[in-house]
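1. give me coordinates for this.
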Amino acid sequence: MNTQQITPGMIHVINGPNLNMLGKREPEIYGALTLDQINGELKKRAEALGLSLDFFQSNHEGEILDYIHAAFEQGPAGVIINPGALTHTSVALRDAMSMLSCPIVEVHLSNIHKRETFRHTSMIADIATGQLTGFGHYGYRMALDYLHALAG
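-> The predicted structure follows:
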């Protein structure tokens, strides 16, 4: 169970299975930056924009669901999510995400539509505000800039 303190009005950056292995796992597909490096760049950008971020990564679906439930209770300002392989398989993730009334941006480092057929379908694409796929780590910054623009 996630016991992390969540602050109302925060933007949540959620990363799913295997994203803790960025920089090591198939860098020709996912890039050379680690998740900590991506999060560090995103944190700097958020501070410049006056936004608060909370970062969460887990390889365990239930922990991700618990985190989303806790965020829901606090009223998030927005969510940036890279669900990893759960994108293509998890109805439970879809159900949890559908509870959120805030903007949701789905991010994928690689272009899931140019990969294996099973990766072409996202379980959350139709409930997400938007989807960024194939822009590498820049997709996270694009998502943050978009959420900032929505906040006005």
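2. which is the next helix or strand following the least confident helix or strand in the chain by mean pLDDT?
-> Counting by mean pLDDT, DSSP states H and E, the chain has its least confident helix or strand at helix 27-30, which shows a mean of 87. Next in sequence after helix 27-30, counting helices and strands by DSSP states H and E, comes helix 35-49.
3. can you give me the buried ones in the least confident helix or strand of the chain?
-> By 16 or more other Cβ atoms under 10 Å, the buried positions in helix 27-30 come out as Y30. Yep, even glycine has a C-beta here, placed from its N, CA and C like the rest.
4. one more: stretch 127-137?
-> Buried-residue list, stretch 127-137, by 16+ other Cβ under 10 Å: A128, Q131, L132, T133, F135, G136, H137.
5. buried residues in stretch 140-152?
-> Buried, per 16+ other Cβ under 10 Å, within stretch 140-152: Y140, R141, A143, L144, Y146, L147, H148.
6. for that stretch, output the C-alpha coordinates as CSV.
-> Taking Å, rounded to 0.1, in the frame of the first residue of the first chain, the C-alpha atoms of stretch 140-152 are listed here in CSV:
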residue,chain,number,x,y,z
TYR,A,140,7.2,14.5,-20.6
ARG,A,141,8.1,18.1,-21.0
MET,A,142,5.5,18.6,-23.7
ALA,A,143,2.9,17.1,-21.4
LEU,A,144,3.9,19.4,-18.6
ASP,A,145,3.8,22.5,-20.8
TYR,A,146,0.4,21.4,-22.0
LEU,A,147,-0.9,21.1,-18.4
HIS,A,148,0.5,24.5,-17.6
ALA,A,149,-1.2,26.0,-20.6
LEU,A,150,-4.5,24.4,-19.5
ALA,A,151,-4.1,25.9,-16.0
GLY,A,152,-3.9,29.3,-17.7
